[in-house]
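>>> kindly return the folded structure for what I paste below:
(chains A, B and C)
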Amino acid sequence: LPVAFGSILGALDYFGTIVFAASGALLAVRKGMDPIGAVFLAVATAVGGGTLRDLLLGRAPVFWVVDPSYLIVATVTALVVFVGTRVLALPEWLLIWADAIGLATFTVIGTEVARTAGAPAVIMLLMGVMTATVGGIFRDILCAQPPLILSREIYATAALAGSIAYGLLQAAWGLTDLPAATAFLVAFALRAAAIRYHLELPKGRAAR
Amino acid sequence: LPVAFGSILGALDYFGTIVFAASGALLAVRKGMDPIGAVFLAVATAVGGGTLRDLLLGRAPVFWVVDPSYLIVATVTALVVFVGTRVLALPEWLLIWADAIGLATFTVIGTEVARTAGAPAVIMLLMGVMTATVGGIFRDILCAQPPLILSREIYATAALAGSIAYGLLQAAWGLTDLPAATAFLVAFALRAAAIRYHLELPKGRAAR
Amino acid sequence: LPVAFGSILGALDYFGTIVFAASGALLAVRKGMDPIGAVFLAVATAVGGGTLRDLLLGRAPVFWVVDPSYLIVATVTALVVFVGTRVLALPEWLLIWADAIGLATFTVIGTEVARTAGAPAVIMLLMGVMTATVGGIFRDILCAQPPLILSREIYATAALAGSIAYGLLQAAWGLTDLPAATAFLVAFALRAAAIRYHLELPKGRAAR
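Model prediction:
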């Protein structure tokens, strides 16, 4: 690759933080919370997945305590959204597609962090999925509503597919740049297809 | 004892993981979640208590990152439940009694882990209770419903009784096999009595 | 100062633990939970904020595993409240004002702990706010209701103002006694004004 995907990923990391923070702040606004509520929800959504990942892997202090720029980016995003939504309604499709980029980015980063920490393969997969999805779960729980992503269109599954792609390629070639780029594309493509064609996994149904 | 209770406990540990995972997956099915939701709820229920225990005690990475077999067992259980419930309704009483065995097992393991970590006596008791009950609390919170075990029939109390039995016997004799077996029986017997006779603690009632 | 504020703060720490535990136990009583539920909610409310702070900063085992007196104080408080509310209704204003003292105390302690751990300035502020507010968020989530403090009268904002006062004074003079006392007064005064005059931040409002 002419350009290292690592540096692109670094930029996408902040992009993902902004997008996830915005989704948290937007829900806070819709629930009639105040600016502090918007910041709480934005931070929980943006760094929640990576935080749980770090705690479970024993990486403490967690990433945003070491580098508070993520916290600052999420806070500023929350305040911009809080004020901005009073005058301007963001189109829903913009958020959904931006979120898909965030999902793919956080999947790759989560998988890489777990690999760097020397975690077993199955833990690598889980950490990819968790980094991408747990923030959204925290957001919904903080609003006392059942987590959307556990029943909606394909979402965590896209993260899982990306993680698996990363794991297979990394095991086969030992590099990280190509696996990361591929994992990003796999996760994004599957989520994009889910958005476009409303793909869903079958829902649970209990026999009587 | 002719057979070390430790090896029985090791088998019961996986049994408890399966039972707790099944209870999480079943609730996910009833709430109409997809397979990913079922796996999330199963994992949170099965390893949630032990995970919080490990984090609070400073044992990181947590137990199932070190030994992912628990994660795999919970995931497979969730998928079996998700598919199986479409064709077969498990009788409720089977789950309730299996859960009682899981409760007693996790109580003993949680108390032992805290003792091994050198925690004070009162922390040992709490970790026994938490290991056995927090997974169920996570399960309910993830479905945005108030945790059943905080208001239902005697449940956490049975874990507490088991932990206390372990603590007293272990302090008196210094062994761990007899205390573990006794604690298991105490917790199971109290929970069994609660199931059989619908024993409840008094509910809170506010003066006006 | 003739008396070191540190020793006053040590006493206020237990006072805050009692007050926060009482608020958790009271909600448990109102929700019809049993004594175990009351203890769980009391403990989660009283030590929840400090626990998350410790985990995020990498201070494990967490403070109340090292010194279980906080756990014992919260448990005893819960049982006293559980029994006491059957015969005696505490006046609401007493709780609200006691809670304001707890808020100010936990803010100062959280900010100090983060400073001692060598955290960056923005993390110090957040840890002050989190230590004072996250217990109340846990309490509400455990009852499956949206956290009050994310939409109500000024609350987390008072903690933030206290943290900022501490940070500025500590950076300017390097001492900790005067900043701690000032931060306490700032947080308490702002919360007191919010209670007295029903001060609120503007709520979120979405454009259409």
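>>> what is the helix or strand where A:Val39 lies packed up against?
Following DSSP states H and E, one finds A:Val39 within helix A:35-57. Contact analysis of helix A:35-57 by 3 or more Cβ pairs under 8 Å, 6 or more residues apart in numbering or on different chains; DSSP states H and E lists helix A:5-30, helix A:63-66, helix A:69-84, helix A:92-116, helix A:121-142, helix B:35-57, helix C:35-57, helix C:156-173 as its packing neighbours. For every residue, glycine as well, the C-beta is placed using N, CA and C.
>>> any idea whether A:Ala207 is helix, strand or coil?
Using DSSP: H, G, I helix; E, B strand; the rest coil, the structure places A:Ala207 in coil.
>>> OK, contacts around it?
B:Thr85, B:Arg86, B:Val87, B:Leu88, B:Ala89 (Cβ atoms under 8 Å, 6 or more residues apart in numbering or on different chains).
>>> and chain A, which of its residues are near chain C?
A:26, A:28-38, A:40-41, A:51, A:55, A:60-62, A:65, A:68, A:71-72, A:82, A:85-89, A:141-144 (Cβ under 8 Å from any Cβ of the partner chain).
>>> can stretch A:96-103 be found next to chain B?
No. Stretch A:96-103 lies apart from chain B when judged by Cβ under 8 Å from any Cβ; the minimum separation is 13.2 Å.
>>> who touches that stretch?
Contacts for stretch A:96-103 (Cβ under 8 Å, 6+ apart): A:12, A:15-17, A:19-20, A:22-23, A:132-133, A:155, A:158-159, A:187-188, A:191-192, A:195.
>>> how about it, which residues are buried there?
Neighbour counts using 16 or more other Cβ atoms under 10 Å in any protein chain shown place A:Trp97, A:Ala98, A:Asp99, A:Ala100, A:Ile101, A:Gly102, A:Leu103 of stretch A:96-103 among the buried residues.
>>> could you export those residues as a markdown table, including pLDDT?
As requested, the buried residues of stretch A:96-103 are exported to a markdown table (pLDDT from 0 to 100):
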| residue | pLDDT |
| --- | --- |
| A:Trp97 | 91 |
| A:Ala98 | 89 |
| A:Asp99 | 90 |
| A:Ala100 | 93 |
| A:Ile101 | 93 |
| A:Gly102 | 93 |
| A:Leu103 | 95 |
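>>> what's the burial count for the nearest residue to A:Phe40 once chain neighbours are set aside?
Closest residue to A:Phe40 apart from its sequence neighbours, by Cβ to Cβ, 6 or more residues apart in numbering or on different chains: C:Leu150 at 5.8 Å. C:Leu150 has 25 neighbours, counted by other Cβ atoms under 10 Å in any protein chain shown.
>>> C:Leu150 and A:Leu41: what is the separation?
Distance of C:Leu150 to A:Leu41, given as Cβ to Cβ, to the nearest Å: 7 Å.
>>> then A:Ser7?
30 Å.
>>> who has more neighbours, those two?
A:Leu41 (30 against 9).
>>> what sits against that one?
A:Gly24, A:Ala25, A:Leu27, A:Ala28, A:Met33, A:Ala78, A:Arg139, A:Leu142, A:Cys143, C:Leu150.
>>> equivalent analysis for A:Leu57, please.
A:Val113, A:Ala114, A:Ala117, A:Ala119, A:Met127, B:Ala60, B:Pro61, B:Val65.
>>> any low-confidence regions in chain A?
The model of chain A has pLDDT under 70 over residues A:1-4, A:208.
>>> who are the neighbours in contact with the most centrally placed residue in it?
Compute the mean C-alpha point of chain A, and by Cα atoms, centre = their mean the closest residue is A:Ala132, 3.0 Å away. Neighbouring residues of A:Ala132 by Cβ under 8 Å, 6+ apart: A:Gly49, A:Gly102, A:Leu103, A:Ala104, A:Phe106, A:Thr107, A:Gly110, A:Ala156, A:Ala159, A:Ala187.
>>> may I ask which of those residues has the most neighbours?
A:Thr107 (36 neighbours).
>>> touching, that residue and A:Thr157? I think so.
No. With contacts counted by Cβ atoms under 8 Å, A:Thr107 stays clear of A:Thr157, the gap being 11.1 Å.
>>> if we can go back for a sec, of the buried residues of stretch A:96-103, closest to chain B?
Proximity of the buried residues of stretch A:96-103 to chain B (Cβ to the nearest Cβ) peaks at A:Leu103, which lies at 13.2 Å.
>>> sorry, back to before: mutual contacts of C:Leu150 and A:Leu41, please.
Contacts common to C:Leu150 and A:Leu41, judged by Cβ under 8 Å, 6+ apart, are A:Ala28, A:Met33, A:Leu142.
>>> give the contact list for A:Met130.
A:Met130 touches A:Gly49, A:Leu52, A:Arg53, A:Gly110, counting by Cβ under 8 Å, 6+ apart.
>>> mind running it again at 10 Å?
A:48-50, A:52-53, A:56, A:106-107, A:110, A:114, A:123, A:137, A:156, A:159, A:163, B:40, B:43 (Cβ atoms under 10 Å, 6 or more residues apart in numbering or on different chains).
>>> how about A:Ala25?
So A:Ala25 contacts A:33, A:35, A:37-43, A:45-46, A:74-75, A:77-82, A:84-85, A:139, C:204 (Cβ under 10 Å, 6+ apart).
>>> same thing but at 7 Å, please
A:Ala38, A:Leu41, A:Ala42, A:Thr77, A:Ala78, A:Val81, A:Phe82 (Cβ atoms under 7 Å, 6 or more residues apart in numbering or on different chains).
>>> isn't the first one right up against A:Ala28?
Yes. Between A:Ala38 and A:Ala28 there is a contact at 4.1 Å, judged by Cβ atoms under 7 Å.
>>> need the residues of chain A near chain B, please.
Counting by Cβ under 7 Å from any Cβ of the partner chain, chain A comes close to chain B at A:55-58, A:60, A:119-120, A:122-123, A:126, A:141, A:144-147, A:150-151, A:156-157, A:200-208.
>>> swap the cut-off to 8 Å and go again
A:55-58, A:60, A:117, A:119-120, A:122-123, A:126, A:137, A:140-141, A:144-147, A:149-151, A:155-157, A:160, A:200-208.
>>> quick one, which of these are buried?
Among those, the ones that count as buried by 16+ other Cβ under 10 Å are A:55-58, A:60, A:117, A:119, A:122-123, A:126, A:137, A:140-141, A:144, A:146-147, A:149-151, A:155-157, A:160, A:201, A:203-204.
>>> what angle sits between the helix or strand containing A:Arg196 and helix A:92-116?
With secondary structure defined by DSSP H and E, A:Arg196 is part of helix A:177-197. Interaxial angle, helix A:177-197 versus helix A:92-116 (axes from the mean of the first three to the mean of the last three Cα atoms, to 10 degrees): 150 degrees.
>>> buried residues, helix A:177-197. List them.
A:179-184, A:186-188, A:190-192, A:194-195.
>>> distance between that helix and the chain's centre?
Its chain's C-alpha centre and that of helix A:177-197 lie 13 Å apart, by Cα atoms, centre = their mean, to the nearest Å.
>>> so which elements touch it?
Packing contacts for helix A:177-197, counted by 3+ Cβ pairs under 8 Å, 6+ apart, involve helix A:5-30, helix A:92-116, helix A:156-173.
>>> on that earlier part again, hey, what's in contact with both of A:Ala38 and A:Ala28?
A:Ala78, A:Phe82, C:Gly204.
>>> A:Ile154 and A:Leu201 touch, don't they?
Yes. Between A:Ile154 and A:Leu201 there is a contact under Cβ under 8 Å: 6.3 Å.
>>> re earlier: name the nearest of the contacts of A:Ala132 relative to chain B.
For these, the nearest to chain B is A:Ala156 (4.4 Å; Cβ to the nearest Cβ).
>>> of the contacts of A:Ala25 - the most surrounded one?
Ranked by neighbours (other Cβ under 10 Å), the contacts of A:Ala25 are led by A:Ala42, which has 34 neighbours.
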